[in-house]
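> When you get a sec, could you give me coordinates for this:
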Amino acid sequence: MPKVKTSSTCKKRFRKSNSGKLKRSHAFRRHHSWAKSHKTVRKLRMANYVDETHEKKIASLMPY
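Below is the predicted model of the structure:
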């Protein structure tokens, strides 16, 4: 049986947590942090979880 390959884009953007959920980072974090409030920048630093509606599709791209 052939190997199932992990999507390169997904392995860069998502990680599996211990509970099995997929963790992701926030968007809008890279540039123009001076224009955002300190509170916003601080909240963007924290990881977030992938929405349930997308979880099945992303999980299929990351078999391992």
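
> Contacts only, for residue 28.
36, 44 (CB atoms under 8 Å, 6 or more residues apart in numbering). All C-beta atoms are positioned from the backbone trio N, CA, C, and that covers glycine.

> any idea which element it lies in?
Using DSSP states H and E, residue 28 maps to neither a helix nor a strand.

> Going forward, the N-terminal residue is numbered 45.
Done: numbering now begins at 45, and the last item shifts to residue 72.

> what ranges do the helices span in this protein?
52-57, 82-89, 96-105 (DSSP state H).

> So for residue 53, what's the nearest residue that isn't a sequence neighbour?
Distance criterion CB to CB, 6 or more residues apart in numbering; nearest residue to residue 53, sequence neighbours excluded, is residue 105 at 7.9 Å.

> next one: residue 85
Spatial nearest neighbour of residue 85, chain neighbours left out: residue 77 (5.2 Å); criterion: CB to CB, 6+ apart.

> hang on, the earlier thing: state the distance from the residue nearest to residue 53 to residue 86.
30 Å (CB to CB, to the nearest Å).

> The residue nearest to residue 53 contacts residue 51, correct?
Yes. Counting by CB atoms under 8 Å, residue 105 touches residue 51, with 3.9 Å between them.

> who's in contact with residue 106?
Residue 106 neighbours (CB under 8 Å, 6+ apart): 50-51, 54-55, 58, 60, 66.
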